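**Q** the sequence isn't on hand, but the structure is:
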């Protein structure tokens, strides 16, 4: 990841919290001179993650023992130069992202079932109070068919790094103008980026 110093984030606690808040990953695999891409929700396990893919996915077919990179993208938004105090500036895009890399190992049997249970439990916990959905609600014969159609993986993070590009390199008055502009625009992504900018703003 290209990370100018102003935007680099290496604190593992911060990065793990980011992944928990944005658990849907882009999974990249270099194979035969090409890059294969897949998409998957993950369960964070300390300095590692678990996820599954359709068995027919080319990434799943090649990934056991392969080096993978996971990319997690947070809120992002266009920043207009008209929001700055300084004249003659150009547009930019503010965003937060985290990348992890490691060697994938296949999950089978009970480990695959635990992965599916943990994935659903993490999301069900965000829903209105009710009895959460569990794998037990799927008839056993259908569950076995579904399990045979997916492949689970675990990945220990050999590297974990973040880039929070939030106008840290701008003058304080320009960053403040960008935050006001984003908040005035008012869509969810713009408001989230503005909130992230306020967290890293110069005092």
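**A** Happy to help now that I have it. Because the structure is a prediction, the values reported are computed rather than measured. Residues are numbered from 1 along each chain as shown.
**Q** any idea which residue sits dead centre in the protein?
**A** Per CA atoms, centre = their mean, the C-alpha nearest to the average position across the chain is that of residue 72, at 2.2 Å.
**Q** for it, which residues are in contact?
**A** By CB atoms under 8 Å, 6 or more residues apart in numbering, the residues touching residue 72 are 18-19, 22-26, 97-100. (C-beta placed from N, C-alpha, C; glycine too.)
**Q** swap in residue 191?
**A** Applying CB under 8 Å, 6+ apart, the residues contacting residue 191 are 182-183.
**Q** and it, how far from residue 149?
**A** Applying CB to CB, to the nearest Å, the value for residue 191 to residue 149 is 39 Å.
**Q** and what of residue 172?
**A** From residue 172 over to residue 149 the distance is 54 Å, taken as CB to CB.
**Q** also residue 27?
**A** Going from residue 27 to residue 149 by CB to CB gives 18 Å.
**Q** swap in residue 77?
**A** 37 Å.
**Q** give the rounded mean pLDDT of the lengthiest strand in the chain.
**A** In the chain, taking DSSP state E as the definition, the longest strand is strand 92-107. Regarding strand 92-107, the rounded mean pLDDT is 97.
**Q** helices of the chain, start to end?
**A** Assigned by DSSP state H, the chain shows helices spanning 12-21, 58-62, 109-124, 140-148, 172-185, 188-200.
**Q** if I pick residue 24, what's in contact with it?
**A** Counted by CB under 8 Å, 6+ apart, residue 24 has contacts 39-42, 72.
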